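Q: sequence unknown, structure follows:
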């Protein structure tokens, strides 16, 4: 048992060790000192309280979207439309902020509820296309992503443009009543952190301990058998999209009220796609999501320092993120082959 536990730990650490080695080779090929580069990356991410706040800013939408993705993955669905659901949440929040004049105690909860509604509504659309329209959820989600991005640009440069003219900086800043409270002088908001933690904990217990989570997993493992057991596969699939949309919608709402304080083009910041990598690396385990989200967020926050201090392209951070996923897939495949060989020998 101890040997099996040790092997599991080694296989879990292997992708990160391989990523570190690969990054070292890239840096050497670029003529840079790997230790200095990695030191700058760490300092850029962890060097001050404000940097930790920036990591929290990046982690909150990652954790929220990853929590939603855990639900759709449990149902056997690839919800590529998370990116569009973030945008739908941001659009709904912006609409509420522009429409409602109220104090923060009223406006901020309304903005979050609006974001949830926007994300869930798009989840229903994608779910309906998947279940009744027989459109693969990958294509339906990608299509919705492009539609939501185009709608955002139309609104920013059209009906919602600032009085002095439309620019790529987005709409007018929200009134202060629609700004989420921040932690000290950092950009992080305790509301964002709290909502992300609650969402992940809720998904963890739903999938592990609830009857609905059991039905969802049954649909994901074998929808035909689940249907014969009396489980409504169509309903469970749509509910999975809705729950994922709710959480992605919260992420989109917080992007407007806690981070940018306005609607901007590209409001999702790619968190919908990145969350899929987080969930895959977690092995579909909710308890592993925070650590992996922290890893991705730290690289994202620290990589600009490479360009400032060493004149290395900050896209190296993206290379590190992508290589971690690649090595994870390779290690998992190697582990599966070893397990199959062991079974044949036995």
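A: Thanks, I have the structure now. Owing to the predicted nature of the structure, the values given are computational and were not obtained by experimental measurement.
Q: Next, the buried residues of stretch 148-159.
A: 148, 149, 152, 155, 156 (16 or more other CB atoms under 10 Å). Where you see a C-beta, it was placed from the backbone N, CA and C, and this is true even at glycine.
Q: and which of these is nearest residue 310?
A: Relative to residue 310, the closest of these is residue 149; by CB to CB it sits at 33.5 Å.
Q: does the closest one belong to a helix or a strand, and which?
A: Per DSSP states H and E: residue 149 is located in helix 137-157.
Q: still on that earlier bit, and the buried residues of stretch 148-159 as JSON lines, adding distance to residue 27?
A: Converted to JSON lines, those look like this (distance: CB to CB, whole Å):
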{"residue": "148", "distance to residue 27": "38"}
{"residue": "149", "distance to residue 27": "34"}
{"residue": "152", "distance to residue 27": "37"}
{"residue": "155", "distance to residue 27": "43"}
{"residue": "156", "distance to residue 27": "39"}
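Q: Rebuild those residues as CSV, extending it with distance to residue 63 and pLDDT.
A: Compiled in CSV, the buried residues of stretch 148-159 are given as follows (distance: CB to CB, whole Å; pLDDT from 0 to 100):
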residue, distance to residue 63, pLDDT
148, 21, 96
149, 23, 95
152, 23, 95
155, 28, 95
156, 27, 93
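Q: Next, give me the two most distant ones among these.
A: Using CB to CB, these reach their maximum pairwise distance at 148 and 156, which is 12.6 Å.
Q: My understanding was that residue 111 contacts residue 179; is that so?
A: No: using CB atoms under 8 Å, residue 111 makes no contact with residue 179, being 10.1 Å away.
Q: one step back: does the helix holding residue 149 pack against any helices or strands, and if so which?
A: Here helix 137-157 touches helix 82-99, helix 104-131, going by 3 or more CB pairs under 8 Å, 6 or more residues apart in numbering; DSSP states H and E.
Q: what does that helix contact?
A: 77-85, 87-88, 90-91, 94, 122, 125-126, 129-130, 133, 166, 170-171, 241, 263-267, 272 (CB atoms under 8 Å, 6 or more residues apart in numbering).
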